[in-house]
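Trainee: fold the following for me, if possible:
(chains A and B)
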There are 2 protein chains.
Amino acid sequence: MFKKLISFDEAKQIIDELQLESVGSEVVPLGSASGRVLSSDVESPVDVPPFDRATVDGFTVRAADTYGAEEHDPVVLMLKGAVEIGEQPRCSVGKDETWRIATGAPIPDGADAVVMVENTTEKKSEVQVYRAVVKGENVMKAGSDIKKEQVVFGDRTLLNSRRVGVLAALGFAMIPVLKHPRIGLISTGAEIVKPGERLPPGKIYDINAYTLASAITESGGEAVDFGIVRDDDIEALKKVLQEALTATDVVVTSGGVSVGPKDVVPKILDSLGKPGVIIHGVAVKPGKPLAVAVVQGKPVFALPGNPTSSLLIFHLLVRPVLLWLAGRKSGKLRVTNAKLSRRVFSAKGRRTYVTVSLSKGKDGEWAALPVASGQSGAITTMAMAEGYVELPENAPFTEEGQLMRVVLFEDAERVD
Amino acid sequence: MFKKLISFDEAKQIIDELQLESVGSEVVPLGSASGRVLSSDVESPVDVPPFDRATVDGFTVRAADTYGAEEHDPVVLMLKGAVEIGEQPRCSVGKDETWRIATGAPIPDGADAVVMVENTTEKKSEVQVYRAVVKGENVMKAGSDIKKEQVVFGDRTLLNSRRVGVLAALGFAMIPVLKHPRIGLISTGAEIVKPGERLPPGKIYDINAYTLASAITESGGEAVDFGIVRDDDIEALKKVLQEALTATDVVVTSGGVSVGPKDVVPKILDSLGKPGVIIHGVAVKPGKPLAVAVVQGKPVFALPGNPTSSLLIFHLLVRPVLLWLAGRKSGKLRVTNAKLSRRVFSAKGRRTYVTVSLSKGKDGEWAALPVASGQSGAITTMAMAEGYVELPENAPFTEEGQLMRVVLFEDAERVD
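Mentor: Take a look at the predicted model:
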């Protein structure tokens, strides 16, 4: 088993270079496709618009008939009727004839332009036109917006309200998207019980299954809870790890990887398949204990039991894998800048991250207040930590007032 | 019926001052509560931690027994056994005695501190302690993080992964949250058919029901589709509006409010109850036609049929109402700054908004490229519009190069 402490950057590179299989695709109703990622190119099955259509309310004409029309010398056309919106026109527009037309209605045969209603006067069965139009004026040609068979969106396009609208315009009721990557969650420890159950003496409630499930959803994944297993029950751990590996795309455990008598999760992972544990121990603070394995072609992340540490390591190492699997290669981090409210010390020889809360100072500038994630079990600390900062390496400490790049845990909308 | 064109600011103020009923609350599993808003204060039913617990691996002691311990003059204590993690300790620590203890295990009776394993040597049934500890050292007292009956989160707190973790720590399996506001969507027009159906000549596919449904979901609401109704079928329109008013919290129609022969939606709204139409026509571009009504205590927004216009007006006027109903009073806008890529003209006497796409220029600065939303039916325009800018009033145009505040249509994560 691999036990050398490796640098954070090495760990990140090993994880980035994992050869992961795609999670595959599924076809979903367009109404629920926003936020999903296309799993293939989308070609338009139709012309948009599907027919030449009027872009203004007015009168459809042969443009040539209006030539010479001026405010004080209108051209007079014969009003033959009205083009119905939403129907194939049954009329044909002859010389010096016109038909009333509304925005969006199809241009009838014979006509090639529309005179805006503002430039006309209607008198019984005649229309006076005060302004000439050119061929094609106020007409949107069939296919001028999107051509039939044109590739409208490429594979891996992230859908949003506007793109869903475009797919609706093309007539798609269902659309192929990447599946949500499924992440199996296992909480280990002899002391934890499920929220909602009675709390026996000496026990605490499971936190990580809930924090991580929410973070997984926020990263485009689907969390599957495999419950709590004692970290001293090797057979039960082996069984649940195998179940999770079979049913999901990525497995995340929390707790139970201390290097010592309780170091059972990595041992079991090694026993379940090759290559087994590929990272065991990373020079990062917080992040002790931490292991990464690949078993049966699937990545397994064994995160610390401390809730703030496990959430932080999730964001640093697991989330990029989920985003990649979810097809969101460019999944952007929410970042802001703030000044450190006090001096903070780096852990010697380890890449150090500090969780911070944000507060607007009297000078109107944002301050990053370190909230110690080191103290085991400090739950309120976790609620306060809005993001984290990375401390510069090769310096024993970072000074108060230093401007830092803060990576936020939640999307803009979720920070209130 | 109220027909005066009012200013955009007046319209916004009338909408802001609507007396809307709360959408009520529901109890949901904690695992799906992230992104939801609490519907009451949450009091802790337990102390966190629930017992005095060790914060390090080591040996639990009576602090006084370690006084005087130094690196070259250790104190020797009698090792009596190990405290089991996750269980009520059955031991009591006597004078000059110690028990092995792991992080998170409960402190047994008699003991009041923990010596870190790094500061000890274990020898058969003895432990040599090289560093004195004070009372309470490496111990987290019961309730020191969160006290029983303490209010942990106030009413209307937006839940996220970290707050869900805190609620898990308190033992909540279910949690009361505000319901998603339900928004009824009605598309009107004689020319539109549902995506997935055959497209007859002269017809186009419905876009707004899908664009708006996605935008509603992104704003914390739940869209309920009431389908397509011809805008010349008054009885059918009346029936579907009444159904939507009964089943949902807010109704949004698109198309069919042109001031003219097709001006049927506002007329029907006036017939369904008082006060009926409160805004009909707003001096905003785009946004023609536009009406707002209150019927049976519920707001109804009649938006334009043009997809980009209806999405823009949704963001400007409807979204704030949804956020308010969803309890997200502080729903922040995603905003960025960019320079206008060309001169744009304001509509005379109307507040003018211009949809823009964003592009990074050669100078590394972001440029806002106006994408004309005015051209009816330009679908690709909608896909390109990443946000909008508000043009200054009292100026006929805004110059190329002017730095503008761009409000984005999607959350950061959704802009790729």
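
Trainee: CA only for contacts and neighbour counts going forward, please
Mentor: Will do.

Trainee: the longest helix in chain A is where?
Mentor: Counting residues, the longest helix in chain A under DSSP state H turns out to be helix A:234-247.

Trainee: shouldn't residue A:293 be within a helix?
Mentor: No: looking at residue A:293 with DSSP: H, G, I helix; E, B strand; the rest coil, it is strand, so not inside a helix.

Trainee: tell me which stretches of the stretch 151-300 of chain A form helices.
Mentor: A:161-169, A:208-218, A:234-247, A:264-272 (DSSP state H, counting those that start in this stretch).

Trainee: which residues touch the last one?
Mentor: Pointing back at helix A:264-272 there. A:1, A:231-232, A:234, A:237-238, A:242, A:256-257, A:276-277, A:280, A:291, A:293, A:295-296, A:302 (C-alpha atoms under 8 Å, 6 or more residues apart in numbering or on different chains).

Trainee: pull the CA atoms of it into PDB?
Mentor: Output of helix A:264-272 as PDB, limited to C-alpha atoms (Å, rounded to 0.1, in the frame of the first residue of the first chain):
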ATOM      1  CA  VAL A 264      -9.300   0.100   7.500                       C
ATOM      2  CA  VAL A 265     -11.000   1.800   4.600                       C
ATOM      3  CA  PRO A 266      -7.800   2.000   2.400                       C
ATOM      4  CA  LYS A 267      -7.000  -1.700   3.300                       C
ATOM      5  CA  ILE A 268     -10.400  -2.800   2.200                       C
ATOM      6  CA  LEU A 269     -10.100  -0.700  -1.000                       C
ATOM      7  CA  ASP A 270      -6.900  -2.400  -1.900                       C
ATOM      8  CA  SER A 271      -8.600  -5.800  -1.400                       C
ATOM      9  CA  LEU A 272     -11.400  -4.900  -3.800                       C
END
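
Trainee: around chain B, pick out the residues from the stretch 151-300 of chain A.
Mentor: A:158, A:160-166, A:168-174, A:190-192, A:194-197, A:201-208, A:210-215 (C-alpha under 8 Å from any C-alpha of the partner chain).

Trainee: quick one, what contacts residue A:338?
Mentor: Here residue A:338 is in contact with A:358, A:365-368, A:403-406 (C-alpha under 8 Å, 6+ apart).

Trainee: PyMOL command to pick out the buried ones of these?
Mentor: What follows is the PyMOL syntax for the buried subset of these, where burial is set by 16 or more other C-alpha atoms under 10 Å in any protein chain shown:
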select buried, chain A and resi 358+366+367+368+403+404+405+406
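
Trainee: redo the contacts of residue A:338 as a markdown table? Include distance to chain B.
Mentor: Below are those laid out as a markdown table (distance: C-alpha to the nearest C-alpha, whole Å):
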| residue | distance to chain B |
| --- | --- |
| A:358 | 15 |
| A:365 | 18 |
| A:366 | 17 |
| A:367 | 20 |
| A:368 | 18 |
| A:403 | 21 |
| A:404 | 20 |
| A:405 | 17 |
| A:406 | 15 |
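
Trainee: just to revisit the earlier point, and the helices of the stretch 151-300 of chain A, which is most packed in?
Mentor: Ranked by mean neighbour count under mean count of other C-alpha atoms under 10 Å in any protein chain shown, the helices of the stretch 151-300 of chain A are led by helix A:161-169, which reaches a mean of 28.

Trainee: report the angle between the axes of that one and helix B:208-218?
Mentor: 150 degrees (axes from the mean of the first three to the mean of the last three C-alpha atoms, to 10 degrees).

Trainee: with only the CA atoms kept, save helix A:161-169 in CSV.
Mentor: Taking Å, rounded to 0.1, in the frame of the first residue of the first chain, the C-alpha atoms of helix A:161-169 are listed here in CSV:
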residue,chain,number,x,y,z
SER,A,161,-33.6,29.0,-20.1
ARG,A,162,-32.7,30.6,-23.4
ARG,A,163,-31.2,27.5,-25.0
VAL,A,164,-34.2,25.5,-23.9
GLY,A,165,-36.3,28.1,-25.7
VAL,A,166,-34.3,27.6,-28.9
LEU,A,167,-34.9,23.8,-28.6
ALA,A,168,-38.6,24.4,-28.2
ALA,A,169,-38.6,26.6,-31.3
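
Trainee: what does it contact?
Mentor: For helix A:161-169, using C-alpha under 8 Å, 6+ apart, the contacting residues are A:30-31, A:33-34, A:48, B:195, B:204-208, B:210-215, B:307, B:379-380, B:382-383.

Trainee: lowest average confidence, helix or strand, in chain A?
Mentor: helix A:379-384 (a mean of 81; mean pLDDT, DSSP states H and E).

Trainee: show the contacting residues for the residue of the stretch 1-150 of chain A found nearest chain B.
Mentor: Here the residue of the stretch 1-150 of chain A nearest chain B is residue A:86; by C-alpha to the nearest C-alpha that distance is 3.5 Å. Applying C-alpha under 8 Å, 6+ apart, we find residue A:86 in contact with A:105-106, B:190-192, B:201-204.

Trainee: which of those has the most neighbours?
Mentor: residue A:106 (31 neighbours; other C-alpha atoms under 10 Å in any protein chain shown).

Trainee: pull the contacting residues for that one.
Mentor: Neighbour list for residue A:106: A:51-54, A:83, A:85-89, B:202 [criterion: C-alpha under 8 Å, 6+ apart].

Trainee: same thing with residue A:58?
Mentor: A:100-103, A:114-118.

Trainee: ok so, going back, closest to residue B:394 among the contacts of residue A:86?
Mentor: Closest approach to residue B:394 among the contacts of residue A:86 (C-alpha to C-alpha): residue A:105, at 35.6 Å.

Trainee: do you know how far that closest one is from residue A:167?
Mentor: According to C-alpha to C-alpha, to the nearest Å, residue A:105 and residue A:167 sit 21 Å apart.

Trainee: now do the same contact list for the closest residue in space to residue A:197 that isn't next to it in sequence.
Mentor: Setting aside the residues directly before and after it, residue A:197 is nearest to residue B:171 in space (C-alpha to C-alpha, 6 or more residues apart in numbering or on different chains), at 7.4 Å. Contact analysis of residue B:171 by C-alpha under 8 Å, 6+ apart lists A:194-197, A:205, B:45.

Trainee: reformat those as JSON lines; add distance to residue B:327 and pLDDT.
Mentor: Output for the contacts of residue B:171, formatted as JSON lines (distance: C-alpha to C-alpha, whole Å; pLDDT from 0 to 100):
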{"residue": "A:194", "distance to residue B:327": "29", "pLDDT": "96"}
{"residue": "A:195", "distance to residue B:327": "26", "pLDDT": "97"}
{"residue": "A:196", "distance to residue B:327": "26", "pLDDT": "96"}
{"residue": "A:197", "distance to residue B:327": "30", "pLDDT": "96"}
{"residue": "A:205", "distance to residue B:327": "29", "pLDDT": "94"}
{"residue": "B:45", "distance to residue B:327": "25", "pLDDT": "96"}
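
Trainee: pLDDT below threshold where in chain A?
Mentor: For chain A, the stretches flagged by pLDDT under 70 are A:1-4, A:256-262, A:329-332, A:373-377, A:411-416.
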